[in-house]
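J.: generate coordinates for the sequence data below:
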Amino acid sequence: MFSSSIRLLSRIRRSIMKIAIEGCCHGELDAIYAEIARLEQQNAYAVDLLLVCGDFQAVRNPRDLASMAVPDKYKRLGAFAKYYTGEAKAPILTLVIGGNHEASNYFWELYHGGWLAPNIYYLGHAGCVQVNGLRIAGASGIFKPADFHTGHHERPPYNHSALRSIYHIREYNVRRLSLLSPPAIFLSHDWPQGIEHHGDTRDLLRRKPYFREDVRTGALGSPPLMGLLRTLRPQWWFAAHLHCRFEALVVHDHGGGAPYYPNPQTAAFCAMLQIENKVDQVAGGGQGPSS
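T.: Below is the predicted model:
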């Protein structure tokens, strides 16, 4: 079951891309592409790009299942395998990040990003790309304090501990991302810590009452991701992981007497499937990521 909404961003007179944003994929690529096709036919538009905010599950074969941290009852070969072999091809350019339920051995092979299959690109553990002048950055994985300051010691075949620590976000990657100039869109699996206070917290807790204690103690979401949101100030931030729709608006102060900020506010969304019109904000094709 998917929900959808349409938003039009037309502040700048430049080319407009229509982008679909998916929260957790959980291997259901066929269902996602079918829903996009239905929306395209129903609304007489064409989607240019699909963004997936983790739990993509790029399982190529049964052997990859041993590297995916899920209960045994969920270890199954999903739709991705046929896109990997070439039996099927993604009908839309698809950009993905990793979550906490992934074929971690395959994502490790593409640590800095790369093509998972024709027309399906992984941003890596941390990465930034440009699509038709629109800069999109992302951070894979979820936050665990015990692993944040460590390196990656995991080696396949993963034991029980490494099977989970492999997808924990590291300080190294957060620092790399913090050196970027502001992207238009940022993708994460975790929510930024405290983002619930920038939207309708009461409604969120009505729908997800078991979030209440984490909200009270400040444990909901990732502290380093909120740091990145405050540093990079992307125009849009999309996340997943908690399986509920939530919208927030973070207004950034100028601080330090700086005369100009490209994005004075960040709109954050967590949704299952959402169609957005995005404006190409980089003139003349734009420039690549700065570092």
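J.: which residues of this protein score low on pLDDT?
T.: 1-15, 254-263, 271-272, 278-291 (pLDDT under 70).
J.: that one: strands as residue ranges?
T.: Along the chain, the stretches classed as strands by DSSP state E are 6-8, 16-22, 49-52, 93-96, 114-117, 120-122, 126-131, 134-139, 185-188, 236-239, 246-251, 265-270, 273-279.
J.: report the angle between the last one and strand 265-270.
T.: Read it as strand 273-279. Strand 273-279 runs at 160 degrees relative to strand 265-270, counting by axes from the mean of the first three to the mean of the last three C-alpha atoms, to 10 degrees.
J.: what does the second one give?
T.: Note on geometry: by the same axes, to 10 degrees, strand 16-22 and strand 265-270 are set 40 degrees apart in direction.
J.: and strand 16-22, C-alpha only, in PDB?
T.: C-alpha atoms of strand 16-22 as PDB (Å, rounded to 0.1, in the frame of the first residue of the first chain):
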ATOM      1  CA  ILE A  16      11.800  21.200 -13.500                       C
ATOM      2  CA  MET A  17      12.300  17.500 -12.700                       C
ATOM      3  CA  LYS A  18       9.600  15.300 -11.300                       C
ATOM      4  CA  ILE A  19      11.000  13.100  -8.600                       C
ATOM      5  CA  ALA A  20       9.500  10.200  -6.700                       C
ATOM      6  CA  ILE A  21      10.700   9.600  -3.200                       C
ATOM      7  CA  GLU A  22      10.400   6.200  -1.500                       C
END
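J.: tell me where this protein has helices.
T.: Per DSSP state H, the chain carries helices over the ranges 29-43, 80-85, 104-109, 145-148, 162-165, 171-178, 201-207, 212-217, 223-232.
J.: I'd like the ones you listed laid out as a markdown table, including distance to Gly23 and mean neighbour count.
T.: Every C-beta, even on glycine, is put in place using the N, C-alpha and C of the backbone. Shown next, in a markdown table, are the helices of the chain (distance: least, C-beta to C-beta, whole Å; neighbours: other C-beta atoms under 10 Å):
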| stretch | distance to Gly23 | mean neighbour count |
| --- | --- | --- |
| helix 29-43 | 10 | 16 |
| helix 80-85 | 17 | 19 |
| helix 104-109 | 18 | 20 |
| helix 145-148 | 24 | 14 |
| helix 162-165 | 21 | 18 |
| helix 171-178 | 20 | 17 |
| helix 201-207 | 15 | 13 |
| helix 212-217 | 19 | 12 |
| helix 223-232 | 15 | 19 |
